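> quick one: sequence and predicted model below, then my questions.
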Amino acid sequence: MLRTPRATDIAPALALAAAVFALAVTTRPAHADSAARAAYQINFLAGGSVYINAGLGDSVRVGDSLQVVRNGTTVALLRTTFVSTHRAVCDTVWTRAPLAVGDRFVLPRGLPTSSMAAGSSSTDADSGGAVAASAAPVRIRNANAQRLRGRIGARWLSVNTSGGSFQQPALDFRFDATNAGASHVDLSVDTRSRRTTRSFTGTADETEFLSRVYRATLTVRSQNANRRITVGRQSSPTLASISLFDGALLELGGATHSFGLFSGTQPDPSGYGPSTDVVESGLFAEWHQRPLSLRRWSVALGGVTSQDKGQSNRDFLFAQSWWYSKTFNASLAQELDVNHGWKRDAGEAPLSMTSTYANLRLPLRQSFALTGGYDNRRNVRLYRDRLTPETEFDDAYRQGAWCGAQSLITSHVHLSVEARNNAGADRSHSWSTSAELYRLVPLHTTLRVRASNYSGGSIESTLRSGSLGFDPLPMSHIEVSGGVRSTSNPLLAGEDREYWQTIDYDVTIGRSWYINGGWERDYGGSAGGTRQLQAGLSWSF
């Protein structure tokens, strides 16, 4: 489903857009020097999918593994699943901390960065502190070499509650072939299967088997990848609102621009099988920096139209922009719906701003940065949708603005604070602060604590949590965490408290094997208690 949000006041977003576009257009290309390097960062998050600002022009290929580095420590591993000229979509293989827009990642060994090309090194402030760039020269990858990359994984999940339990073994398989058959043809497949057995008190066991295909594509491209067509089940870094579609995507590009158009159908939302209910088409254009530029920026414009069983579903225009440099990071997404037919009959305006989402990060110095953002997204009503208390709740509590600051007090201490103001139907205020002590000897110990408060018209809520992590062996990590959340209604007597404790571990063996697992216990509150066990094993080739 094409889901996005609604606008009531877009002045902050328009001001940010003007600033980003002015910087992108008027700033001259930077020259490599010993004090700057390209900012390869995360520019969008959607569930487990991570959108990054590097692509074919930066020698990134499908199947590459990227390490997300924060405060000099690797906090996540990403695997690229789709790559365009200067953007890519990644799966999250594992993570030790929530990812954030602006987090930096390390390119695979053998890929160039602009500072490496200049033979220099530097230290920049990232989303949580400092990250050092290696000055060692690297070998640039042969873009036409044949490669086969993939992963086979097995997972197991067990959940027990007061009313029953379920067991869920699962298998994952994916592979990515680049320049298959010594030609400019790429293949990509990503399938995931699981078997769920549910046991509830007083009822017979239920077993469900589900197998889904998340990607199955064939790409034919030119030698320099400036022209290519991809057919099959796919997604697009530029068309984030579309998610998965079955169809064809044509892209034409150059060193500073790219154009594309697509057409296809959306998979069935439950089983992910082929479906012809929703048919959609669209086009887009993007302008961006030259390859290996020290300042990275992009401006994209486009439009999408869709029909559901022959009826008008959604027609909208979109604009996306982002800018990353050593002194200023910003991103903006805006969508404009064009309403007609049944939507006009339902009371919608001819044109409606349905999504404004903006992020800003301003590093004032190497150890201190200010952040801010604005969000007034809502669920766009589609042909098969209806207004429910759930959609009304989402629209009411999503919208608002926030600001914050992060500071690297010493080389081992990081502090952050954030305040949010909700401007939806039920106005509210919240704040959150956290502290992190990391890379402490022995065992590279990390200690994190967090405190958050939420105050609304009818609900008061507090959250207190903490975690302790350490690395007992090279390429291994164990983390113990816990916390409590209290919720109260001033109009009603009593307070609801929920507690949780978790233990997580992960071990990487060599370059191919990865083992992870965890235990979690939740108790208290009105929902009762839950115990969860999970484990996984994967082999990469």
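That came through, no problem. Keep in mind the model is a prediction, meaning the values are calculated, not measured.
> next, the buried residues of stretch 294-301.
The neighbour-count criterion (16 or more other CB atoms under 10 Å) identifies 294, 295, 296, 297, 298, 299, 300 as the buried residues of stretch 294-301. (C-beta placed from N, C-alpha, C; glycine too.)
> count of neighbours near residue 346?
10 (other CB atoms under 10 Å).
> an error on my part: the question was meant for residue 511.
Residue 511, neighbours per other CB under 10 Å, totals 10.
> not counting sequence-adjacent ones, nearest residue to it?
residue 540 (7.5 Å; CB to CB, 6 or more residues apart in numbering).
> now do the contacts for the one you found.
Listed by CB atoms under 8 Å, 6 or more residues apart in numbering, the contact set of residue 540 reads 65, 149, 150, 151, 511, 512, 513, 514.
> of the buried residues of stretch 294-301, just say which sits nearest to residue 360.
residue 297 (14.2 Å; CB to CB).
> just confirm the closest one contacts residue 328, I think it does.
No. If you go by CB atoms under 8 Å, residue 297 and residue 328 don't touch, sitting 10.2 Å apart.
> shaky segments in the stretch 101-250 of the chain?
Confidence mapping of the stretch 101-250 of the chain against pLDDT under 70 gives the ranges 108-145, 182, 237, 239-241.
> what ranges do the helices span in it?
Secondary structure of the stretch 101-250 of the chain (DSSP state H, counting those that start in this stretch): helices located at 114-118.
> is it correct that residue 480 is in contact with residue 500?
No. The pair residue 480 / residue 500 is not scored as a contact, 11.7 Å apart, by CB under 8 Å.
> give the residue farthest from the middle of the protein.
residue 202 (41.1 Å; CA atoms, centre = their mean).
> for residue 174, which non-adjacent residue is spatially closest?
Nearest residue to residue 174 in three dimensions, chain neighbours excluded: residue 190, at 4.1 Å (CB to CB, 6+ apart).
> quick one: contacts for that neighbour?
81, 173, 174, 213, 214, 215, 216.
> out of those, who's the most crowded?
Neighbour max across these (other CB under 10 Å) = residue 81, 23 neighbours.
> gap between that residue and residue 528?
Residue 81 sits 38 Å away from residue 528, going by CB to CB, to the nearest Å.
> also residue 341?
From residue 341 to residue 528 the distance is 47 Å (CB to CB).
> residue 495 too?
Residue 495 sits 17 Å away from residue 528, going by CB to CB.
> for residue 218, same thing?
Using CB to CB, residue 218 is found at 49 Å from residue 528.
> would you mind telling me which of those two has more residues around it?
Counted by other CB under 10 Å, residue 218 and residue 528 do not tie: residue 218 has more neighbours, with 16 against 11.
> just the CA trace of stretch 289-306, in PDB.
Provided in PDB are the C-alpha atoms of stretch 289-306 (Å, rounded to 0.1, in the frame of the first residue of the first chain):
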ATOM      1  CA  GLN A 289      27.200  15.400  -6.900                       C
ATOM      2  CA  ARG A 290      30.000  14.100  -9.100                       C
ATOM      3  CA  PRO A 291      31.500  10.700  -8.000                       C
ATOM      4  CA  LEU A 292      33.900  10.900  -5.100                       C
ATOM      5  CA  SER A 293      32.900  14.500  -4.300                       C
ATOM      6  CA  LEU A 294      33.700  15.600  -0.800                       C
ATOM      7  CA  ARG A 295      30.300  17.300  -0.500                       C
ATOM      8  CA  ARG A 296      27.400  14.900  -1.200                       C
ATOM      9  CA  TRP A 297      23.900  16.200  -2.300                       C
ATOM     10  CA  SER A 298      20.900  15.000  -4.200                       C
ATOM     11  CA  VAL A 299      17.600  16.500  -5.400                       C
ATOM     12  CA  ALA A 300      15.000  14.200  -6.800                       C
ATOM     13  CA  LEU A 301      11.500  14.900  -8.300                       C
ATOM     14  CA  GLY A 302       8.900  12.500  -9.600                       C
ATOM     15  CA  GLY A 303       5.300  11.400  -9.800                       C
ATOM     16  CA  VAL A 304       3.400   8.100  -9.300                       C
ATOM     17  CA  THR A 305      -0.100   7.000 -10.300                       C
ATOM     18  CA  SER A 306      -1.900   3.800  -9.200                       C
END
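> residue 472: neighbour count?
Residue 472: 12 neighbours (other CB under 10 Å).
> could we number from 34 for the rest of this?
Sure thing, new numbering starts at 34, so read that last one as residue 505.
> can you tell me the SS state at it?
Here residue 505 is coil, with the state taken from DSSP: H, G, I helix; E, B strand; the rest coil.
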